[in-house]
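Undergrad: sequence unknown, structure follows:
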């Protein structure tokens, strides 16, 4: 049975108040959503997929949508479409060289793909700065061939330092003139050990024999940048530069926040001329971003969790924007998210604040996370005036017109989150979100989204449908017919969120 594309939510209460979870989750209900994933499928021709980047970052095409397609341009001119004095948010996570190949004695190869650090090496910065050993949850290619206790690999490094990069590249240019400088050369031996299997993944312990080397330096030398799974080729030198944003800073992603790949200094300069502010959050993109929805109903799909970090200062800035919007609805500061990861982070902040307001017992706990359906709690219903109230005795039916949102303002929700952080003496919030944005979702913070064209039946395409309704079909068909390039290295869109 096909639907009109609007979401109809028939929610069940399945609250789990386990003491073992420290009350970190307020709602764990699973809404029954009449929204077949088949309605978000489309034919993507192979010739529409970008397997390599454009010659120049900003030359990629840009489709502009505000209730309809209003312009077609390139990223060189994106500042022409961004509102003046907008607050633009970028994800500054950096893609790590997460793919490591170990060669066995019989010349067969085992590939280890680092997904995320184990719990005892969180947050990400701890794992990247680890010395001597670290544990990661990994995918292993050729796992059945791995019979040995350890896999080993060696590499050479010059003048290792905990506080800086090695000087290998610089010294390589002087080898012919400095043959007696071998005293500075150090051979590093890296070992990988399978600790246990984790439902298709493995807990791997990496260890190395020099405590002056951190794990970040290890994978920089022995790993490679992981390209999207549909790009079946080896990583090139060009990929090392182009599958990374120009502002990438915080190491931890295993996939690029691709909407930002188009931005260069000229674009930032043009945005500054329009008095736009550039702001940064960090969400480490996981391999789950490429996972299509394989279930018939989207509620049966398990959304991947991703870790993000936001500072007190950035949160305070968002609170000031929310206050300004309440005082002057005619001239608000638009909040523009560059990338779906940035969008999910911004929207997650609101719902984290809502959880704290509605469940005071969470305030004493330092663990606060957002699970998949927190934003679709069945406790809220709308009346005809658009006000929302708690109603546990209702039949819990929500549709896309009710917007699922409680009567808690953005200012109050973010203010509560900030005060909670301050009470725990946090200078920044590091947590995870599983927020799944689907058609009918009511956007709380973001007023615009810059993003690429996404795969069929993906959670990312569901976000576009949440913004545009059924118009996503017209937009994507237009893009295919007009030779736009799709996916990570492809062209993009700028959507106004109503």
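TA: On my side now, so go ahead. Values in this document were obtained by computation on a predicted structure and should not be read as measured data. Numbers count the residues shown, from 1 in each chain.
Undergrad: pLDDT weak spots in the stretch 51-200 of the chain?
TA: 159-183 (pLDDT under 70).
Undergrad: mind listing the helices for it?
TA: Along the stretch 51-200 of the chain, the segments classed as helices by DSSP state H, counting those that start in this stretch run 124-128, 168-172.
Undergrad: neighbours around residue 193, how many?
TA: One way to gauge burial is a neighbour count; for residue 193, by other C-beta atoms under 10 Å, it gives 15. In this view, the C-beta of every residue, glycine as well, is placed from N, C-alpha and C.
Undergrad: contact partners for the residue lying closest to it once chain neighbours are set aside?
TA: Beyond its immediate neighbours in the sequence, the residue positioned closest to residue 193 (C-beta to C-beta, 6 or more residues apart in numbering) is residue 205, lying 4.7 Å away. By C-beta atoms under 8 Å, 6 or more residues apart in numbering, the contact set of residue 205 is 133-135, 192-193, 195.
Undergrad: among the residues you listed, which one has the most neighbours?
TA: Neighbour counts for the contacts of residue 205 peak at residue 134, which has 24 neighbours (criterion: other C-beta under 10 Å).
Undergrad: check contacts around that residue.
TA: Contact partners of residue 134, counting by C-beta under 8 Å, 6+ apart, are 117, 121, 127, 205-206, 215.
Undergrad: can you do 10 Å?
TA: Applying C-beta atoms under 10 Å, 6 or more residues apart in numbering, we find residue 134 in contact with 114, 117-118, 120-121, 126-128, 204-208, 214-215, 218-219.
Undergrad: would you tell me which strand is longest in the protein?
TA: strand 185-198 (DSSP state E).
Undergrad: could I get the buried residue list for that strand?
TA: 186, 188, 190-192, 194 (16 or more other C-beta atoms under 10 Å).
Undergrad: stretch 90-109 now?
TA: Of the residues in stretch 90-109, those with enough neighbours to count as buried (16+ other C-beta under 10 Å) are 90-100, 102.
Undergrad: and if you look at stretch 216-229?
TA: Neighbour counts over stretch 216-229 (16+ other C-beta under 10 Å) mark 216-228 as buried.
Undergrad: now swap in stretch 424-435 and tell me
TA: Along stretch 424-435, these residues count as buried under the neighbour rule (16+ other C-beta under 10 Å): 429, 431-435.
Undergrad: for that stretch, measure first residue to last.
TA: 24 Å (C-alpha to C-alpha, to the nearest Å).
Undergrad: give me the subset of the buried residues of stretch 424-435 lying in strands.
TA: Using DSSP E, the buried residues of stretch 424-435 in strands are 429, 431-433.
Undergrad: now the helix ranked longest in the chain against strand 428-433, angle please.
TA: Within the chain, and with DSSP state H defining each element, the longest helix by residue count is helix 340-358. Here helix 340-358 runs at 100 degrees with respect to strand 428-433, directions being taken by axes from the mean of the first three to the mean of the last three C-alpha atoms, to 10 degrees.
Undergrad: hang on, the earlier thing: of all the buried residues of stretch 90-109, which comes closest to residue 72?
TA: residue 90 (23.4 Å; C-beta to C-beta).
Undergrad: list phi and psi for the closest residue to that closest one other than its chain neighbours.
TA: Leaving out its chain neighbours, the residue that sits closest to residue 90 by C-beta to C-beta, 6+ apart is residue 338, at 4.8 Å. With angles defined as degrees, to the nearest 10, residue 338 sits at phi -90, psi 100.
Undergrad: what's opposite residue 338 in the beta bridge?
TA: For residue 338, the beta-bridge partners under DSSP bridges are residue 450.
Undergrad: that one: neighbour count?
TA: 27.
Undergrad: can you tell me how far it sits from residue 267?
TA: In this structure, residue 338 and residue 267 are separated by 10 Å, where distance is defined by C-beta to C-beta, to the nearest Å.
Undergrad: list residues touching both of these two?
TA: Common neighbours of residue 338 and residue 267, counting by C-beta under 10 Å, 6+ apart, are residue 78.
Undergrad: distance of the residue nearest to residue 242 when sequence neighbours are not counted from residue 227?
TA: With C-beta to C-beta, 6+ apart as the criterion, residue 242 has its nearest non-adjacent residue at 4.2 Å, and that residue is residue 53. For residue 53, the distance to residue 227 equals 11 Å [C-beta to C-beta].
Undergrad: overlap in contacts of those two?
TA: Between them, residue 53 and residue 227 share these contacting residues under C-beta under 10 Å, 6+ apart: 239, 243, 488-489.
Undergrad: touching, residue 188 and residue 222? I think so.
TA: Yes. Between residue 188 and residue 222 a contact is recorded at 8.8 Å, counting by C-beta atoms under 10 Å.
Undergrad: overlap in contacts of the two?
TA: In the contact map built from C-beta under 10 Å, 6+ apart, the residues linked to both residue 188 and residue 222 are 153-155, 208.
Undergrad: would you write a ChimeraX line that selects the buried entries of those?
TA: In ChimeraX, this line selects whichever of the shared contacts of residue 188 and residue 222 come out buried by 16+ other C-beta under 10 Å:
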select :153,155,208
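Undergrad: residue 131: how many residues sit nearby?
TA: Burial of residue 131, expressed as a neighbour count using other C-beta under 10 Å, amounts to 15.
Undergrad: return the residues in contact with it.
TA: Applying C-beta under 10 Å, 6+ apart, the residues contacting residue 131 are 162, 208, 210-215, 217-218.
Undergrad: if any of those are buried, put those into a ChimeraX selection.
TA: Once 16+ other C-beta under 10 Å is used to decide burial, the buried members of the contacts of residue 131 can be selected in ChimeraX as follows:
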select :208,210,213,214,215,217,218
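Undergrad: so which of the contacts of residue 131 belong to strands?
TA: residue 208.
Undergrad: from the contacts of residue 205, which is closest to residue 71?
TA: Of all these, residue 71 sits closest to residue 134, with 47.7 Å by C-beta to C-beta.
Undergrad: where's the nearest residue to the closest one once chain neighbours are set aside relative to residue 72, distance?
TA: Nearest residue to residue 134 in three dimensions, chain neighbours excluded: residue 215, at 4.9 Å (C-beta to C-beta, 6+ apart). With distances taken as C-beta to C-beta, residue 215 is found 44 Å from residue 72.
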